[in-house]
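Trainee: below: sequence and its predicted model.
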Amino acid sequence: SACIALVLRILAQQVRLRLPICVGLRLNPWLLAQVTDALTEGLVLGLIVWIVVLTLRAFQAPTRWGFAGFITGAAFMVAATVIVRPANVVAVAAWHSAVIVALTTLNRSLRDRLACGVIYLMATAIGCLLAWGPQLQYNHSVSGTFAFPLVCKLGDLQLAWGLRLWKYETIYQAGAGVAPWYYPSPLFNAATATGPAWKWYLQNTYGGLLTLGAHVFNSFSVHYLFTYVKDLHPWYSWPLRALYWVVAVLGAYQLIGAATKRVRSGLVRSFDPQNGPVILFLGLAVLGTIALNSVTAVEVRFNVLPIAVLSVCSVYLSLGIWSGELLISKHARWLLGGVIAVALWASWEMDRLGSRQLLQGAPSLTATNCTLTRHAEPKRWQEMMETHFRRFNTGRLTPR
C-alpha cells in the first residue's frame, strides 16, 4: 500500500520513476522476503516509504493545515522507526535534517516560513509523544527511569563484535531453534587489543580501514533469500548473489552519474522545495545506515534501506538503457562488468571464513535483562564481554 501511495504521488514530469519503484520495491524477491518475515527491517522499510509519501504530501500541500496534517503523520512515522529498531536513529536524524533544510529554503514569505517552522516543531513533539510514550512508560516500570530508546546500552558491545566478526548469519535447525553462524575477521588479534574497542581502529589504521570496508561490502552481499537460513549451500545462492551484485553496482553507477550530472550543471546549488526534502532524507539515511553498518558485525538485513534504494536506481538505469534514452560507453560497460566479477569473487572468498567459526550458542542480546549492561560499559571491552556472557547465562530472561 505504501508503494502504491508513493507511485500515485509521483508528478507528471517524473512519470519514469513509477515503474522502477514498482519493480524495485514490489517485485524485488529479497525485499519481499524481508517484508513478509517477522523481522523489524520489513516493518521499517514500509514505514520509510510512508515517510517519503507523507513528506512529499506535506511540502506539496497548498495550505498550512494540509502541511500540518501530513508533517505530523511523517513525524510520528519517523519516531516510530526508532521503537521498531533503535539503529534507525540515523533515519530520524536524516529526516529532521532534510526538513530543516527544506524549511529554511522555502520560497515563501518570512511569516510563512516561521509558521511552517512552528508547525514542524509541534508535529515533532506530538509524533514523539505518541510513538515514544508507551515505551518510556514501560522502561520506567522496568528500570525506574525514563531511559530511552533502550534501557540497555550496547554501544561498546556492538563495536567489540564488529572487531571480531565481519558478518554473521542466523541458522535455523528444526527442533533446535536458531543460532548464529559467524564469519570471524582475520585482521583482528585479541592479544594486541587494549582499551575500548574504538581505539583498535586508531592503533591499527590499515586493518581498521579494511575491517570497515569488509563490513560495508558484506552488508551488500545477498546470497540467502531469507534471514533464517536452513541450508548454507542452497541451489539459488550463486544466481541470487550475482543478481544483487548487478543491482548494487548498476544502482551505484546510476546514483553517482546523476549526482555528477547535477554538480556539473550547477543544479546542486538549488533546492527543490517539493522533492528536495525526500531526496535529501533518503541520501542521508542511506549514508548513515552504511556508516553504522561499517562498525558492527552485520547481517544483510541491516542494509535493507540502501539495497532498496539501489534496486530502484538499477531498474531505472536498466529501463533507460533498454529504451535507448540512456547510453553507457563501452569502457564503462567493461568497468561495470569487472566490478561485478570482482565483487562475486570477493564475496565467495569472504564466505569461506564461515568454516572458521567462533563457538556457537552465544546468547541473544534481545531477550535479556538489559539493565545489567549499563554497569559493564566502563570496563575494558574484553572484560565487559565476559561479564555479559556470565550474566546472560545466569540472569532472568525477562526484566521485571
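Mentor: The structure has been received and is ready for your questions. Numbering: from 1, shown residues only.
Trainee: what's the burial count for the nearest residue to A131 once chain neighbours are set aside?
Mentor: Spatial nearest neighbour of A131, excluding adjacent residues (CB to CB, 6 or more residues apart in numbering): A79 at 3.6 Å. C-betas here are computed from N, CA, C, even on glycine. Other residues lying near A79 total 23 when counted by other CB atoms under 10 Å.
Trainee: the one helix or strand A79 maps to packs against which elements?
Mentor: Assignment of secondary structure by DSSP states H and E places A79 within helix 64-84. Contacts defined by 3 or more CB pairs under 8 Å, 6 or more residues apart in numbering; DSSP states H and E place helix 64-84 against helix 40-60, helix 89-104, helix 110-143.
Trainee: next, the angle from it to helix 40-60.
Mentor: 160 degrees (axes from the mean of the first three to the mean of the last three CA atoms, to 10 degrees).
Trainee: which stretches of this protein form strands?
Mentor: 165-173, 177-184, 228-229 (DSSP state E).
Trainee: can you name every helix or strand that the first one contacts?
Mentor: Just to be clear, that refers to strand 165-173. strand 177-184, helix 205-219, strand 228-229.
Trainee: against which helices or strands is the longest one packed?
Mentor: Here helix 205-219 is seen to pack against helix 155-164, strand 165-173, helix 197-203, helix 276-293, helix 330-351 when contacts are counted using 3+ CB pairs under 8 Å, 6+ apart.
Trainee: can I get the ones you listed in CSV including mean neighbour count and distance to Q137?
Mentor: Listed next are these as CSV, based on neighbours: other CB atoms under 10 Å; distance: least, CB to CB, whole Å:
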stretch, mean neighbour count, distance to Q137
helix 155-164, 20, 24
strand 165-173, 19, 31
helix 197-203, 16, 33
helix 276-293, 20, 28
helix 330-351, 14, 44
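Trainee: surely L17 touches Y316?
Mentor: Yes - checked against CB atoms under 8 Å, the pair L17 and Y316 is within contact range at 6.9 Å.
Trainee: compare these two (neighbour count), which wins?
Mentor: The neighbour comparison of L17 against Y316 (other CB under 10 Å) goes to Y316, with 23 against 17.
Trainee: OK, contacts around the more buried one?
Mentor: Neighbouring residues of Y316 by CB atoms under 8 Å, 6 or more residues apart in numbering: R16, L17, P20, G24, Q254.
Trainee: separation between A123 and N88?
Mentor: 18 Å (CB to CB, to the nearest Å).
Trainee: more neighbours: which of those two?
Mentor: With neighbours defined as other CB under 10 Å, A123 and N88 compare such that N88 has more, 28 against 23.
Trainee: so which of the helices and strands packed on strand 165-173 comes closest to R164?
Mentor: For R164, the closest of the helices and strands packed on strand 165-173 is strand 177-184, at 6.3 Å, according to CB to CB.
Trainee: what packs against that closest one?
Mentor: Packed against strand 177-184 by the contact rule (3+ CB pairs under 8 Å, 6+ apart) you find strand 165-173.
Trainee: what's the strand it packs on in contact with?
Mentor: Contacts to strand 165-173, defined as CB under 8 Å, 6+ apart, come from residues 178-185, 211, 214-215, 218-219, 221, 224, 227-230, 232, 297-300, 350, 353-354, 358.
Trainee: any idea of the mean pLDDT in the helix holding A79?
Mentor: Mean per-residue pLDDT for helix 64-84: 90.
Trainee: now it and helix 89-104, what's the angle there?
Mentor: Using the same axes, to 10 degrees, the direction of helix 64-84 lies 160 degrees away from that of helix 89-104.
Trainee: other residues contacting helix 64-84?
Mentor: With CB under 8 Å, 6+ apart as the criterion, helix 64-84 contacts 40, 43-44, 47-48, 50-51, 54-55, 57-59, 61, 88-89, 91-92, 95-96, 99, 112, 115-116, 119-120, 122-124, 126-128, 130-132, 135, 149.
Trainee: if we go to 6 Å?
Mentor: Outside helix 64-84, the residues within contact range by CB atoms under 6 Å, 6 or more residues apart in numbering are 40, 43-44, 47, 50-51, 54-55, 57-58, 61, 88-89, 91-92, 95, 119-120, 123-124, 126-128, 130-132, 135, 149.
Trainee: cool, and stretch 222-232?
Mentor: Against stretch 222-232 from outside (CB under 6 Å, 6+ apart): 30, 33, 39, 169-172, 237, 240-241, 244, 300-301.
Trainee: any idea which of those the model trusts least?
Mentor: Y172 (76).
Trainee: look up the closest residue to it, ignoring the ones flanking it.
Mentor: Nearest to Y172 is Y228, by CB to CB, 6+ apart, at 4.2 Å.
Trainee: cool, and V89?
Mentor: Nearest residue to V89, sequence neighbours excluded (CB to CB, 6+ apart): V82, at 6.0 Å.
Trainee: distance of the one you found from L243?
Mentor: Relative to L243, and taking CB to CB, V82 is found at 32 Å.
Trainee: how about F59?
Mentor: Distance of F59 to L243, given as CB to CB: 35 Å.
Trainee: neighbour count winner among the two?
Mentor: F59 (23 against 16).
Trainee: next, the contact list for the more buried one, please.
Mentor: Going by CB under 6 Å, 6+ apart, F59 touches Q274, P277.
Trainee: measure the closest residue to V92 other than its chain neighbours to I328 for me?
Mentor: The shortest distance from V92 to any non-neighbouring residue, by CB to CB, 6+ apart, is to V78 (5.4 Å). Going from V78 to I328 by CB to CB gives 37 Å.
Trainee: in the stretch 251-400 of the chain, where is pLDDT below threshold?
Mentor: Along the stretch 251-400 of the chain, the model assigns pLDDT under 70 to residues 266-271, 354-400.
Trainee: ok, and the most crowded of the contacts of Y316?
Mentor: G24 (25 neighbours).
Trainee: distance-wise, check the nearest residue to A332 once chain neighbours are set aside relative to W161.
Mentor: Take A332 and drop its neighbours on the chain: the residue closest to it by CB to CB, 6+ apart is Y253, 7.7 Å away. Distance, Y253 to W161, using CB to CB: 32 Å.
Trainee: wait, L255 sits on S314?
Mentor: No - counting by CB atoms under 6 Å, L255 stays clear of S314, with 9.6 Å between them.
Trainee: sounds good, over and out.
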